[in-house]
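Asks: Structure for this input, please:
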Amino acid sequence: MTDGPDGDAANGHMARRPEPEVMDDAEEARAYAEADFAEVNRAFVERLTELAGQHNVPADARALDLGTGPGDIPLLVASALSPWHITAVDASQAMIGIALEKVFACPDRRTPLGNAHVKFIVADAKATALPAHSFDVVFSNSILHHITETDLFWAEVQRLAKPGAVAFLRDLARPPSRKAAQEIVDRYAPGEPPKLREEYYRSLLSAHTPDEIRRQLDRAGLGALQVAMASDRHVDVFGRLP
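Replies: Model (predicted):
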């Protein structure tokens, strides 16, 4: 279920234009993986680390990354929080293939940057087939804008989390207009290849607004999670799961 074909159009936002859920084109996946997201990824890991400390997450937590893409974030998390054991899933075989390349390129795979602490799996984030109530932390960067059947996604998050688990999801927030979306692309990706700029623009049009996410969470019985803008283009969902 979604917020309807017009999304938050009545509240001053353009209607959502969904993009394909899975980035399974090898060329597109490679272009995404080669883009410079270092600053954005670092900020995500810093915020996740902060939340883990605030909520007293176990030092040896079992964590789940939904929509891991090329695997940069779970590898950074494994380096920053080395006792954590992380399962990272993505529905794109191309993306998981790139992530595994990074693991096997590591000189010593016994380190957190090897495969001792991070396990990559091809799986649909709405139906992972992973064991229920298995994770102390569920995190995700930039998956929600790919998903239209958001009720299924939030139900899977709730199924996979241990009672009281910590959730942290960051994603794009849909701008009010196409013009505003293009301005964001021009501001933050001026030197990126045309294919990546086009993908960024489509992702902004496909993103959910904070109000839409709030309604999704309320329907899912996850009203305790907070929703807040983290930047002029990112929205955060965070807190403890029931």
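Asks: Strands of the chain, residue ranges please.
Replies: Ranges of strands in the chain, per DSSP state E, are 62-66, 85-90, 118-122, 135-141, 161-172, 226-229, 234-240.
Asks: chain center to the shortest one, what's the gap?
Replies: Centroid separation for strand 226-229 versus its chain: 15 Å, with CA atoms, centre = their mean, to the nearest Å.
Asks: residues of that strand that come out buried?
Replies: For strand 226-229, the neighbour count (16 or more other CB atoms under 10 Å) marks Val227 as buried. Using the backbone N, CA and C atoms, a C-beta is placed for each residue, glycine as well.
Asks: Then stretch 80-96?
Replies: Neighbour counts over stretch 80-96 (16+ other CB under 10 Å) mark 81, 84-92, 94-96 as buried.
Asks: what is the mean pLDDT for it?
Replies: Taken as a whole, stretch 80-96 has an average pLDDT of 91.
Asks: Leaving out chain neighbours, which residue sits closest to Leu76?
Replies: Take Leu76 and drop its neighbours on the chain: the residue closest to it by CB to CB, 6 or more residues apart in numbering is Val45, 4.7 Å away.
Asks: which residues does the one you found contact?
Replies: Ile73, Leu76, Val77, Ala80 (CB atoms under 8 Å, 6 or more residues apart in numbering).
Asks: Can you verify my assumption that the second one contacts Val40?
Replies: No: with contact defined as CB atoms under 8 Å, Leu76 does not count as touching Val40 (11.1 Å).
Asks: Between the buried residues of stretch 80-96, which sits nearest Thr148?
Replies: Closest approach to Thr148 among the buried residues of stretch 80-96 (CB to CB): Ala91, at 13.6 Å.
Asks: Good, wrapping up.
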